[in-house]
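Asker: Next input, structure requested:
(one chain, ligands or ions: 1)
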Amino acid sequence: MSAVIVVHGGVMAKPEELDQAFLDGVKAAACDGFEVLKRGGSPLDAVEAAVRAMEDNSVFNAGHGAVLNAEGEVEMDALIMDGKTLSSGAVCSVTDIANPVSLARAVMEKTDHVILTSRGATQFAESIGITTVPTGSLVTECERKKWKKHKSYATVLNEEYNTQWAHDTVGAVAVDSVGNVACATSTGGIRNKMAGRVGDAPIIGCGGYADNISGAVACTGHGESILKVTLARRILLHVEQGKSVAESSQLALQYMADRVHGAGGCVVVSPSGQWAATITTKRMVWAAVDHDGLWYGLDPNERFNEQLTL
Ligand code: ASP
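Answerer: Next comes the predicted model:
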């Protein structure tokens, strides 16, 4: 079996003129992650590399480019999970950290805990030599303008979620050639969220999950809805019952729509290398690399293929 990586760059809140930048960003991130797998790196290394690439790319709502909360500050959430051992690490409401996914990995590998929040997460980062960046340096000019324009959270929900538009959280899932899986997520959350609000992205079983028995999932969309239906775990429950990853994703996303009127998207891989990128929003930018090369898309049912020299 060949290794596979699938990444997403969120369910898209930015204008269409940025489509190409989004597509280029997810394609580059998927290729970075796949390179890691090809060199013999673990799925955990691959998803971390892919998510770091998107955190460093200011077009995405993660790391540099994260959205601002109601107080005009960046507060980010991230998660990483290893399907072999179910080891996981997460950070919530962190500020001034350029790559929250790597801090989440350090929580997993270097502490006795699974989740660290805000001040404690920063103290831990500093104690292990992950330096903080100057306050404000993760904020883009574009985000500052949008934040000034959309002063209330309700406006954001009306204009973006109710019309099935959300934000540009990032996520990745990967499987190696022997069926080990991993997932990672990273986000600035939803613009104008209350200070201290934590979404689905860092919560195990909601924004992501990885288990070598069934597969790995990374979600995006309305965090409060995803939390209520434990979306990532729900998708894998369907996989455990024998459904394909594509059907499992559709069933769980539809359940979220029916039960709590929430929209979102997800990327999934199974230990046997099946994969899917599925949405109930209008759009989600995603890319995958498997034995057939590079796949990518943005609008529903879009699936373009480019050959790669693998
Ligand atoms: N799920 C993220 C959150 O609610 C946002 C997103 O994926 O667009 O924080």
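
Asker: ranges for the strands of this protein?
Answerer: Using DSSP state E, the strands assigned to the chain run over residues 4-8, 76-82, 88-94, 115-117, 170-175, 181-187, 208-211, 215-221, 264-269, 275-279, 286-290, 293-297, 304-306.

Asker: Pairing partners for the second one, with directions?
Answerer: Right, the one you point to is strand 76-82. Here strand 76-82 has these sheet partners by DSSP bridges: strand 88-94 (antiparallel), strand 181-187 (antiparallel).

Asker: any idea of the mean pLDDT in the first one?
Answerer: Taken as a whole, strand 88-94 carries a mean pLDDT of 98.

Asker: Is there contact, residue-wise, from that strand to the ligand?
Answerer: No. Strand 88-94 stays clear of the ligand (CB under 6 Å from any ligand atom), getting no nearer than 10.4 Å. Every C-beta, even on glycine, is put in place using the N, C-alpha and C of the backbone.

Asker: Now do the lengthiest helix in the chain: everything it contacts.
Answerer: Longest helix of the chain, by residue count under DSSP state H: helix 19-38. By CB atoms under 8 Å, 6 or more residues apart in numbering, the residues outside helix 19-38 that reach it are 3, 5-9, 12, 14, 43, 45-47, 49-51, 53-54, 57, 59-60, 168, 170, 172, 174, 176, 285-289, 294, 296, 298, 308, 310.

Asker: Selection in ChimeraX covering whichever of those are buried, please.
Answerer: The ChimeraX command for the buried members of the contacts of helix 19-38 (criterion: 16 or more other CB atoms under 10 Å) is given here:
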select :3,5,6,7,8,9,12,14,43,45,46,47,49,50,51,53,54,57,59,60,168,170,172,174,176,285,286,287,288,289,294,296,298
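
Asker: Please identify the most buried of the strands paired with strand 76-82.
Answerer: Of all the strands paired with strand 76-82, strand 181-187 has the most neighbours on average by mean count of other CB atoms under 10 Å, namely a mean of 33.

Asker: and the angle from that strand to helix 19-38?
Answerer: Note on geometry: by axes from the mean of the first three to the mean of the last three CA atoms, to 10 degrees, strand 181-187 and helix 19-38 are set 150 degrees apart in direction.

Asker: what does the average pLDDT come to for strand 181-187?
Answerer: Across strand 181-187, pLDDT averages out at 98.
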